[in-house]
Each structure stands twice: as structure tokens, then as C-alpha cells.
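A.B. asks: Quick one, what's the 3D model for this:
(one chain, ligands or ions: 2)
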Amino acid sequence: MIKIGLLGCGNVGRIIATHAESIQVVAVFDIIQSRAEELAALCHARPYTDFDAFMREDFSIVVEAASVDAVRHYAETVLRSGRDIILLSGGALADEEFREHLIEAAREAGRKIRIPSGAIVGLDNFKIGQVSPPRKLLLRTTKPPVSLGIPVATRMEIFKGLAHDCIKQYPKNINVAVALGLAAGRDADVELWVDPAAERNIHEIFVEGDFGDIYVRVRNVPSPENPATSYMAALSILTLLKNLENPLVVGT
Ligand SMILES: NC(=O)C1=CN([C@@H]2O[C@H](COP(=O)(O)OP(=O)(O)OC[C@H]3O[C@@H](n4cnc5c(N)ncnc54)[C@H](OP(=O)(O)O)[C@@H]3O)[C@@H](O)[C@H]2O)C=CC1
Ligand SMILES: O=C([O-])CC(=O)C(=O)O
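C.D. replies: Ligands and ions are numbered 1, 2, ... in the order given. Predicted structure coming up:
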């Protein structure tokens, strides 16, 4: 059974801890002690607020479900300790210098950085953009006011621009845009909308290239404990973990 260390004991961390069937959560880490203790009790793991002590535990993979800042602070140490890392806050990799540095650390340590599809779908075949660059790559995200923490009376566009700028302003809401760009091999254009009529977190992806065109719409149920985060993002991590050691690999 794969042993994991869980970095971040919030909404996604809790879903992973309560659905950990094909994995063993050995240790959990959060800056808030009560959260770490509560989650550890759920999955019979050991709780830590001291990162160095957490890292002394016996696990082979760290699952990050914390924040863009946490990735910047801890990811390199994880890789250099000889562990793989799964990043849900993949928006941290929008910073090209940091990204290259982290990839180099992974290469030197012989480890892997994994970015799950998270709250969108189809990341595997958006990778065709690395072979045949798309003419258009746009993510239009629409969330309810509660997800963005922006109370509005009517539908409003709150950002239009490139993913690497959007993630700086909305680090808890648009990691998906950075993941899409990393898959497709170029920064994605982003429109971020807040809509009081929306009950779900909606991600629409538009791609055009030599292959033809794609339109994907995902209508995600917000997580009850953190409406900014779609429930599907947690399921995506659980699925990645379930398949890590499966000899049958489905998808590009
Ligand atoms: N790629 C994707 O498709 C998606 C990515 N995400 C991202 O996944 C991450 C987790 O989501 P979710 O569980 O809903 O978020 P939560 O805010 O519910 O949980 C995150 C937890 O990690 C803690 N934390 C934050 N920074 C650090 C740090 N530097 N060191 C230790 N603990 C830290 C938080 O503490 P505190 O509350 O005090 O900050 C909180 O307890 C977020 O960054 C989110 O934006 C979410 C959905 C989709
Ligand atoms: O969960 C979502 O819908 C997307 C999200 O928060 C993110 O990418 O950070």
C-alpha cells in the first residue's frame, strides 16, 4: 500500500483522509494544530505542525492540498528528500523561474511532480498542444459569489488576461488555468466571472488548432466545506493515487 504524507488539512485533505482506501496516510501537516490533529484522528495518521518533523516520517509521496504559498515553501524539500509530490495548488508553477527550478530539483532527485486534472477534465489530451500548438486556448470560469468571496448582484467579469497573472490575484480559485497551460504547452487565456445565478463552479474550455476544435464544459459541485474548491478536485487526487501503481495506464 502506498504511504502518503498529506500537506494541508483543509477541505480536500479531509476528503482524502476519509476516503483513503488504496493508500495509507501516515502523517498530516498543517499550520493549524487543531486541524492537523482532527484529520490525523480520522485516518490514524500522526499530526504535525513542524514541517521537518513531518518529513522524518516514512512515506513515499506527499500530496499537497494547501496553497500556492505552501508549494513555494515546501515542494523542493519534498523532492530533494527523495519523495514524489502531487500538487493541487499547481498555480505555483505559473512562475517560470520557480517552475524550472523545481523541475530541475525533481530531475536531480530522480523524482516526479504530478499535477492532477483537478477540477477540470481532459488534461491528458490537451497535451497535444505540446506537439501541435493551439491557436486558441481559453478557460472561462464562472463561480458563485460565495466561491469567490465577492458579493455581486449581477454577472460580472472580474478578470480577463493570462493564467499566470490571474493566479496571482485568485490563488484559491484558478489553479486549473495554470494546469491547463502546463498541459497544452502555453499560458492559457482566462476569463473569470462571478455570477449570483450560478450554483456551480463552471469551467468552459475552448481550444482551436490544426486538429480541429474543442469545447468542454464542467459544471462542478462546490465542496461543502470550501465552495471555492470543486468537489471533483478531491476525487481527482483520490483517483490519481488509486491508479499510481496500476500496470494499465488509460489516457495519454
Ligand atoms: N488544481 C485544481 O484543480 C484545484 C486546486 N485547488 C487548490 O487546492 C488547495 C487545497 O484546497 P482546499 O482543501 O479546498 O483548501 P482549504 O483552504 O480548505 O485547505 C487548505 C489547508 O491548508 C492549510 N495551509 C495553507 N497554506 C499552508 C502552508 N503554507 N503550510 C501548511 N498548511 C497550509 C490551510 O490553512 P489556512 O486555512 O490557515 O490557510 C488549510 O488548512 C488550494 O490551494 C486550492 O486553491 C482547489 C481546487 C481545484
Ligand atoms: O475547484 C475549482 O473549481 C477550481 C479551483 O478552485 C482552482 O483551480 O483553484
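A.B. asks: does R219 really touch R200, like I thought?
C.D. replies: Yes: counting by Cβ atoms under 8 Å, R219 touches R200, with 4.6 Å between them. In this view, the C-beta of every residue, glycine as well, is placed from N, C-alpha and C.
A.B. asks: residues from the stretch 151-252 of the chain in reach of ligand 1?
C.D. replies: K172, N175, V176, A179, S223, N226, T229, S230, A233 (Cβ under 6 Å from any ligand atom).
A.B. asks: Apply 5 Å and report the result again.
C.D. replies: For the stretch 151-252 of the chain, the residues in contact with ligand 1 (Cβ under 5 Å from any ligand atom) are K172, N175, V176, N226, T229, A233.
A.B. asks: Check those and tell me the two furthest apart.
C.D. replies: V176 and N226 (14.8 Å; Cβ to Cβ).
A.B. asks: The two - which one has more neighbours?
C.D. replies: Neighbours of V176 and N226, each counted by other Cβ atoms under 10 Å, are more numerous for V176; the result is 28 against 17.
A.B. asks: Which residues of the protein lie near ligand 2?
C.D. replies: So the chain meets ligand 2 at A119, N173, N175, V176, N201, T229, S230, A233 (Cβ under 5 Å from any ligand atom).
A.B. asks: hmm, stretch 135-146 touching ligand 1?
C.D. replies: No: using Cβ under 5 Å from any ligand atom, stretch 135-146 stays clear of ligand 1, coming no nearer than 10.7 Å.
A.B. asks: May I ask which helix or strand encompasses the nearest residue to M1 once chain neighbours are set aside?
C.D. replies: Nearest non-adjacent residue to M1, counting by Cβ to Cβ, 6 or more residues apart in numbering: Q24, 4.9 Å away. Counting by DSSP states H and E, the element that carries Q24 is strand 23-29.
A.B. asks: Compute the mean per-residue pLDDT across that strand, please.
C.D. replies: Averaged across strand 23-29, pLDDT comes to 97.
A.B. asks: What of stretch 130-148?
C.D. replies: 97.
A.B. asks: returning to what we had before: if we take the residues of the stretch 151-252 of the chain next to ligand 1, which one ends up nearest to K3?
C.D. replies: A233 (22.3 Å).
A.B. asks: Could you double-check that that closest one lies in contact with G118?
C.D. replies: Yes: assessed by Cβ under 8 Å, A233 is found in contact with G118 at 4.5 Å.
A.B. asks: So between the two, which is more surrounded?
C.D. replies: G118 (27 against 24).
A.B. asks: Quick check: closest non-adjacent residue to R72.
C.D. replies: Going by Cβ to Cβ, 6+ apart, R72 has A92 as its nearest residue, at 5.4 Å.
A.B. asks: where's that neighbour relative to L240, distance?
C.D. replies: As defined by Cβ to Cβ, to the nearest Å, A92 lies at a distance of 18 Å from L240.
A.B. asks: Neighbour count: these two, which is higher?
C.D. replies: A92 (23 against 17).
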